[in-house]
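Undergrad: sequence and predicted structure below; questions after.
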Amino acid sequence: MEEPLSTPEHIIIGSLFHFADKCISKVSGYGFKDNHCEILTTLVFEFEESYLLIRSGPLLEVRFTKVKPKELGEHLFSYN
């Protein structure tokens, strides 16, 4: 395994995830609109019985849950 790349400004730590639900049924993107530009801040992957949320910011937030995430921002797109 490679050593994490770290600097005083950034710390990178690796992780590995394995999901029992292997089929993604829907992907949705959330964020906000700024003038004529859409800013994507959150992705939600919907599986058969669970959800994976990835939210950007000062830290990358990753959550795996059985409950559909709320308060995600403005809905920008969905793919089934």
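TA: Structure's in. What do you need? Numbers count the residues shown, from 1 in each chain.

Undergrad: what's the neighbour count on Phe47?
TA: Neighbour count of Phe47, defined by other CB atoms under 10 Å: 17. Heads up, the C-betas are built off the backbone N, CA and C, glycines and all.

Undergrad: with adjacent residues omitted, what lies nearest to it?
TA: Among residues not flanking Phe47 along the chain, Asp21 sits closest, at 3.4 Å (CB to CB, 6 or more residues apart in numbering).

Undergrad: what residues of stretch 59-70 count as buried?
TA: Pro69 (16 or more other CB atoms under 10 Å).

Undergrad: end-to-end on it?
TA: Terminal residues of stretch 59-70 lie 19 Å apart, using CA to CA, to the nearest Å.

Undergrad: just the mean pLDDT for that stretch, thanks.
TA: Here stretch 59-70 scores 88 as its mean pLDDT.

Undergrad: re earlier: who's in contact with the residue nearest to Phe47?
TA: By CB atoms under 8 Å, 6 or more residues apart in numbering, the contact list for Asp21 reads Phe47, Glu48, Glu49, Ser50.

Undergrad: who touches stretch 66-80?
TA: Contacts of stretch 66-80 (CB under 8 Å, 6+ apart): 25-33, 38, 40-42, 44, 46, 49-51, 53, 63.

Undergrad: please pick the buried ones from those residues.
TA: Applying 16+ other CB under 10 Å to the contacts of stretch 66-80, the neighbour count classes Ser28, Gly29, Tyr30, Gly31, Thr41, Thr42, Val44, Glu46, Tyr51, Leu53 as buried.

Undergrad: kindly reformat these as JSON lines containing distance to Leu76.
TA: Below are the buried ones among the contacts of stretch 66-80 laid out as JSON lines (distance: CB to CB, whole Å):
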{"residue": "Ser28", "distance to Leu76": "8"}
{"residue": "Gly29", "distance to Leu76": "5"}
{"residue": "Tyr30", "distance to Leu76": "6"}
{"residue": "Gly31", "distance to Leu76": "6"}
{"residue": "Thr41", "distance to Leu76": "9"}
{"residue": "Thr42", "distance to Leu76": "9"}
{"residue": "Val44", "distance to Leu76": "11"}
{"residue": "Glu46", "distance to Leu76": "15"}
{"residue": "Tyr51", "distance to Leu76": "17"}
{"residue": "Leu53", "distance to Leu76": "15"}
